[in-house]
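[1] Give me a 3D structure for the following:
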Amino acid sequence: MTAAIGQDSPPQSNQAPPRSDRDKEAGESSSRDSRIDLSPPKDDAKNHPNSAASLADAEGDDASADIQEFHPWDPHKAMKDIEVGDFYFKRKNYRAALDRYREALVYKPNDALANFHMAQCLEKMDKPDEARTHYEEYLKITPHGPLAEEAKAALEKLKQGENKNQPSQKAQLKH
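    As a prediction, this is how the structure comes out:
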């Protein structure tokens with residue numbers, strides 16, 4: 001009679017039992033010891049006299065009427081959208097890249113990188129006003145960020161392009 005492979009040796013006696021077995025032996029959850037006291041401090045009402053009214057407003061039935069729209073927060077999805085946008089940008093498909101950068105801003109509204117790349121796309125698509133807005137947004141979010149100098153240079157370039165497109169006052173006076 002032959003034994004099956006792997007069943008020749010007896011189980012190791014020095015191995016700890018699986019964690020779930022220990023919980024069954026104890027008969028209770030390990031989280032029982034980590035309860036958090038959520039009651040307010042004893043002098044909370046004195047230190048924050050208007051907090052009860054704010055709490056009542058927040059818990060009221062009409063509080064949800066103030067909510068206009070729910071925005072999903074998913075920074076991982078935003079990062080993936082930026083990555084895919086970069087893929088399209090490298091292949092000069094600026095419209096597709098722009099769509100992905102816009103979607104990234106849906107999932108993470110103040111994403112500096114998405115704003116910067118959107119500005120680059122808009123600049124390539126000859127939409128300088130929109131590009132300027134997103135470069136400025138990038139600088140507002142991270143004024144000293146890794147792409148700040150590049151954003152400032154792009155803004156200056158866009159400003160110079162704007163000045164070239166406007167006829168001078170002398171030329172306007174001649175007509």
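
[2] Low-confidence stretches in the protein?
    Within the chain, the stretches falling below the threshold (pLDDT under 70) are 1-13, 15-38, 51-69, 71, 164-175.

[3] Going along the chain, name the helices of it.
    19-26, 44-47, 51-59, 75-90, 94-107, 112-124, 128-141, 148-165, 169-174 (DSSP state H).

[4] now, of those helices, which is deepest in the fold?
    Most buried of the helices of the chain, by mean neighbour count (mean count of other CB atoms under 10 Å): helix 112-124, with a mean of 23. The way it works is simple: take the backbone N, C-alpha and C, and place the C-beta from them, glycine included.

[5] Check which helices and strands it sits against.
    Other helices and strands packing on helix 112-124, by 3 or more CB pairs under 8 Å, 6 or more residues apart in numbering; DSSP states H and E, are helix 75-90, helix 94-107, helix 128-141, helix 148-165.

[6] closest one to L113 among the ones you listed?
    If you check each of those against L113 by CB to CB, helix 75-90 wins as the nearest, at 5.8 Å.

[7] Which neighbouring elements make contact with that closest one?
    Using 3+ CB pairs under 8 Å, 6+ apart as the contact criterion, the elements in contact with helix 75-90 are helix 94-107, helix 112-124.

[8] who wins for proximity to A131 among these?
    In this view, these are compared for proximity to A131 by CB to CB, and helix 112-124 is the closest at 3.8 Å.

[9] residues touching the closest residue to F89 other than its chain neighbours, list them.
    When the adjacent residues along the chain are set aside, F89 lies closest to A97, with 4.1 Å between them (CB to CB, 6 or more residues apart in numbering). Neighbouring residues of A97 by CB atoms under 8 Å, 6 or more residues apart in numbering: G85, D86, F87, Y88, F89, H117, C121.

[10] Enumerate every residue touching the fourth one.
    Y88 sits next to Y94, A96, A97, R100 when contact means CB under 8 Å, 6+ apart.

[11] wait, isn't the last one in contact with A78?
    No: in terms of CB atoms under 8 Å, R100 does not count as a neighbour of A78; the distance is 9.9 Å.

[12] which residues make contact with stretch 139-152 from outside it?
    Contacts of stretch 139-152 with the rest of the structure, by CB under 8 Å, 6+ apart, involve N110, D111, A112, L113, N115, F116, A119, Y135, Y138, L155.

[13] and the end-to-end length of that stretch?
    Distance between the boundary residues of stretch 139-152 (CA to CA, to the nearest Å) amounts to 8 Å.

[14] Then stretch 135-155?
    When the termini of stretch 135-155 are compared using CA to CA, they are 7 Å apart.
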